[in-house]
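Student: sequence and predicted structure are below.
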Amino acid sequence: QLSSNFYSSSCPTALSIIQGAVSAAVSKENRMGASLLRLHFHDCFVNGCDASVLLDDTTNFTGEKTAGPNNDSLRGYEVIDTIKSQLEKQCPGVVSCADILAVAARDSVVKLGGTTWTVPLGRRDATTASFNDAQNNLPSPFSDLSALISAFSNKGFTAPEMVTLSGGHTIGQVKCSIIRTRIYNETNIDSNFAASLKKNCPSTGGDSNLSPLDQTARVFDNTYFKDLVIKKGVMHSDQQLFNGGSTDSQVNTYSQNSAMFFSDFGSAMIKMGNLSPLTGSNGEIRTNCRKTN
Ligand code: HEM
Ligand SMILES: [Ca+2]
Ligand SMILES: [Ca+2]
């Protein structure tokens, strides 16, 4: 069982060290807040919140970093390394990489103007990572609503919780290669909006050009849901949440009530952070988040 005061005697400065480093990293580059939030999600959905996502591949295409959803896409590893080395100086061998990810995600959301929540702590780090599990457990941006619902249901989340967590797309950026089909071929998109995205995402080439995930992608707010209501969802999977189906009413509600989105988001993040953590004598406390001890 995790507890929010897990480090209060073993490393009382842990939370302030993490917060300070996240704050510095996000001040230096706003997008890093988004990247750190996504790292925690991609960790927890693949064999639980055990920092498996941070292990470097020992042989190519065996670990999670090189799996499709992560390769050339996940970022923020250097920030986690910086935090880990500060923590190792202060309290060697005490704070897990998995807990660093959970706290950094929360601190990122707060730093970008979003809500806060209390992070349960005491996760330990995995000694293995799985390329196949990362391929199979992370949702695809080309999925329809039913596939999104089942990807989250496989991890114990309801459809409303899936909608809430998708609100993470209120911050950060997406590559042209992910949105090309949507902006060139789909009809459930505002045509002026599609035209503006095409300027930075040609029909051929420019695959890694970036576009913001909502119209206020530097701020954690409810604009993502407001955008969905006016058919300005950026990815196919985003617009699926407001496309005439069962989740439309919740998107409408969040678009008008950011307090409700914020409070639901905090609860859903705590639930996500509880996905099969290693505790007690399972796993280890890594010295270097990229390698097993
Ligand atoms: C609902 C299913 C989801 C799908 C299909 C999905 C897919 C994606 C994709 C394809 C990208 C862009 C990757 C790239 O262009 O390199 C992205 C970015 C992002 N996702 Fe998700 N995601 C989902 C849910 C979530 C959740 C639950 C969170 C967090 C709570 C999240 C947080 C983010 C953030 C913050 C970014 C921007 C990262 C950055 O700028 O570095 N996503 N997502
Ligand atoms: Ca994991
Ligand atoms: Ca936003």
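Tutor: Thanks, I have it. Ligands and ions are numbered 1, 2, ... in the order given.
Student: so the residue nearest the centre of the chain: helix, strand or coil?
Tutor: Per Cα atoms, centre = their mean, the C-alpha nearest to the average position across the chain is that of R38, at 2.0 Å. Going by DSSP: H, G, I helix; E, B strand; the rest coil, the secondary structure assigned to R38 is helix.
Student: distance-wise, check it relative to ligand 2.
Tutor: Distance, R38 to ligand 2, by Cβ to the ion, to the nearest Å: 13 Å. From N, CA and C alone the C-beta is placed, and that goes for glycine too.
Student: would you agree that residue is in contact with G168?
Tutor: Yes: assessed by Cβ atoms under 8 Å, R38 is found in contact with G168 at 7.1 Å.
Student: can you list phi and psi of the closest residue to L121 other than its chain neighbours for me?
Tutor: Nearest residue to L121, sequence neighbours excluded (Cβ to Cβ, 6 or more residues apart in numbering): F6, at 3.8 Å. As for F6, its main-chain torsions (degrees, to the nearest 10) stand at phi -50, psi -40.
Student: can I assume F6 is in contact with R124?
Tutor: No: counting by Cβ under 8 Å, F6 stays clear of R124, with 10.8 Å between them.
Student: tell me where this structure has strands.
Tutor: 173-175, 210-212 (DSSP state E).
Student: those strands into a markdown table, with extra columns for mean pLDDT, distance to S246 and mean neighbour count?
Tutor: Formatted as a markdown table, those follow (pLDDT from 0 to 100; distance: least, Cβ to Cβ, whole Å; neighbours: other Cβ atoms under 10 Å):
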| stretch | mean pLDDT | distance to S246 | mean neighbour count |
| --- | --- | --- | --- |
| strand 173-175 | 98 | 25 | 17 |
| strand 210-212 | 98 | 27 | 17 |
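Student: who's in contact with the nearest residue to D248 once chain neighbours are set aside?
Tutor: Of all residues not flanking D248 in the chain, F242 sits nearest, at 5.3 Å (Cβ to Cβ, 6+ apart). Shown in contact with F242 (Cβ atoms under 8 Å, 6 or more residues apart in numbering): 225, 228-229, 231, 233, 248, 251-252.
Student: and if you look at G114?
Tutor: 170, 220-221, 262, 265.
Student: now flag whichever of these is closest to S73.
Tutor: For these, the minimum distance to S73 (Cβ to Cβ) is 18.3 Å, reached by T170.
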